[in-house]
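K.L.:
give me coordinates for this.
(one chain, ligands or ions: 2)
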Amino acid sequence: MNPHLARLHRLAQQPSRRIIGLMSGTSLDGLDVALCRLHGHGAGTRLELEQFATVPYPDDVRRRIREVFAREQVSLEYLTLLNPWLGSLHATMITQCLKQWQVTASDVDLVASHGQTVYHAPAHQHQHPDFAGLNATLQLGDGDHVAVGTGIITLSDFRQKHIAGGGEGAPLAAYGDYLLLSSPHEERLLLNLGGIANFTYLPRTGQDASTAFSTDTGPGNTLLDATVRQHRPRLAYDEDGRLALAGQVHEGLLRELLAHPFFAAPLPKTTGPELFGPAYLQQAQARSHTTQLGLEDTLATLTELSAVGVARAARQVFGAQPALTVYASGGGAHNPALQAALRRQLPACTFATTEALGVLPDAKEAILFALLANEAVAGQPVSIGAGRQRVPAVSMGKISFPG
Ligand SMILES: Nc1ncnc2c1ncn2[C@@H]1O[C@H](COP(=O)(O)OP(=O)(O)OP(=O)(O)O)[C@@H](O)[C@H]1O
Ligand SMILES: CC(=O)N[C@H]1[C@@H]2OC[C@@H](O2)[C@@H](O)[C@@H]1O[C@H](C)C(=O)O
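P.N.:
Ligands and ions are numbered 1, 2, ... in the order given. Okay, here's the model as predicted:
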């Protein structure tokens, strides 16, 4: 038997596994690396976060990813080169983290690598006549390169199975949230405020699990970051929402932004910067005659847009006045302007971060992939929503051996 297969077989039978979860999201701020100890699997999973770091992407890495990121047309040669290059880069970043944490690679059982989403094309968003109705998504950072570069068995490319099973390839958060954060005492809304905002609805454990699901709600930080970069090229984002807090929401621009059919579409749904990019903003500005609106007012309006997107989706699930505890995570949880807008839009909700549930908000997405890898190796196809349409019951992740 291939010794790696024998190792996997042993790993699957162990009471616990040490797994590195990786995520590099749409904000392109860096690679999130979460070293986790996972005990058990399925509903009995217990997770300890041993170490966490975000390894920042140098400007040159960001520049290379942006050559293809969310673009309809790119150089095929460039794309081909970027795939193994990113896999090797991620392997180097993991190795650096392990060195810093004084952990040897042989003491880690698995790497769970999300890769870098460069294009997300759910059927409702792409207009390609040759592929009507087809959901597709593309993550770069080849898993074989991660495995060989680290010496650790790697699972990668998690989203394809979700699509093959009838989903849109995202959000996958519901699976991890369900395994880790369901409570017998309260229904929960877990709100991730990354480049794109999404939430997971979790009914109380013991209630009908088939109502659990996650959905994107629209832009989180992506339009805010792009607008800040355009006006202040030296800034990566609006730190602590200071610029947005100094501005006023422009109702006309907000109305035009919200006129996009995405906001009225049924849940669950997914999206990305392919839709919520500069062209979307420019068109809404032209229609509302706000091309000259100042930076602060534009950011205040875009912040409100992110909050309204969340609130509209929440109302689709819970009715006119949702009254729940919302547990936020992701970079937007650090943005006071966005937090204030969410409180305005969802006045009956109580807001906390996932820290209150023992999950570091910045690490939550990287942890998700460690959970999915744990299920793929030691568990069952994760079944929430009883295989409901767009929430398929599948094992996710492709396995790469290091040799
Ligand atoms: N102190 C802060 N003030 C305002 N915004 C912040 C702050 N800290 C982080 N952010 C925002 O969070 C973003 C990074 O968020 P995060 O790391 O969750 O994104 P991501 O994982 O790339 O996104 P996605 O979940 O869409 O893949 C930054 O680009 C910025 O917009
Ligand atoms: C295609 C893709 O990479 N989508 C990401 C992105 O970032 C946030 C939101 O859009 C979410 O749908 C998803 O990531 C998280 C980890 C998810 O799948 O749950």
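
K.L.:
tell me the phi and psi of the closest residue to Thr95 other than its chain neighbours?
P.N.:
Distance criterion Cβ to Cβ, 6 or more residues apart in numbering; nearest residue to Thr95, sequence neighbours excluded, is Thr150 at 6.1 Å. (Each C-beta comes from the backbone N, C-alpha and C, glycine too.) Thr150 adopts backbone torsions of phi -100, psi -20, taken as degrees, to the nearest 10.

K.L.:
check contacts around Thr150.
P.N.:
91, 94-95, 105, 108, 111, 402 (Cβ atoms under 8 Å, 6 or more residues apart in numbering).

K.L.:
for the residues you listed, pick the one with the most neighbours.
P.N.:
Within the contacts of Thr150, Val111 tops the neighbour count with 30 neighbours, counted by other Cβ atoms under 10 Å.

K.L.:
quick one: pLDDT of that one?
P.N.:
The pLDDT attached to Val111 in the predicted structure is 99.

K.L.:
do you have the helices of this protein handy? List them.
P.N.:
3-13, 59-66, 76-101, 143-150, 159-164, 173-181, 222-231, 242-245, 251-258, 278-287, 295-318, 336-345, 364-378 (DSSP state H).

K.L.:
of these, which approaches ligand 2 most closely?
P.N.:
The minimum distance between ligand 2 and those falls on helix 173-181, with 3.3 Å, by Cβ to the nearest ligand atom.

K.L.:
picking up where we left off before, which of the helices of the chain sits closest to ligand 1?
P.N.:
With respect to ligand 1, and counting by Cβ to the nearest ligand atom, the nearest of the helices of the chain is helix 222-231 at 4.7 Å.

K.L.:
is the closest one in proximity to ligand 2?
P.N.:
No. Helix 222-231 lies out of reach of ligand 2 by Cβ under 6 Å from any ligand atom, never closer than 9.0 Å.

K.L.:
so which bits of that helix are buried?
P.N.:
Judged by neighbour count (16 or more other Cβ atoms under 10 Å), helix 222-231 contains these buried residues: 222-228.

K.L.:
residues in contact with it: which ones?
P.N.:
By Cβ under 8 Å, 6+ apart, helix 222-231 touches 26-27, 195-196, 235-238, 243-244, 273, 276-278, 280-281, 295, 298-299, 302-303, 305-306.

K.L.:
how is the protein divided into domains?
P.N.:
3-167+396-400, 173-357 (automatic domain parsing).

K.L.:
first-to-last residue distance for the first one?
P.N.:
In other words, domain 3-167+396-400. Using Cα to Cα, to the nearest Å, one end of domain 3-167+396-400 lies 13 Å from the other.

K.L.:
off-centre distance for it?
P.N.:
Computed by Cα atoms, centre = their mean, to the nearest Å, the chain-centroid distance of domain 3-167+396-400 equals 12 Å.

K.L.:
and Leu11, how many residues sit next to it?
P.N.:
Leu11 - counted by other Cβ under 10 Å - has 18 other residues nearby.

K.L.:
how many residues are close by the spatially closest residue to it that is not a sequence neighbour?
P.N.:
Nearest non-adjacent residue to Leu11, counting by Cβ to Cβ, 6+ apart: Asp109, 5.3 Å away. Neighbour count of Asp109, defined by other Cβ under 10 Å: 23.

K.L.:
OK, contacts around Asp109?
P.N.:
So Asp109 contacts 11, 14, 17-19, 152-153 (Cβ under 8 Å, 6+ apart).

K.L.:
swap in 10 Å and give it another go.
P.N.:
Counting by Cβ atoms under 10 Å, 6 or more residues apart in numbering, Asp109 touches 7-8, 10-11, 14, 16-20, 37-38, 152-153, 373-374, 377-378.

K.L.:
just Leu295 next, same as before
P.N.:
Contact analysis of Leu295 by Cβ under 10 Å, 6+ apart lists 227-228, 230-232, 238, 243-244, 246-247.
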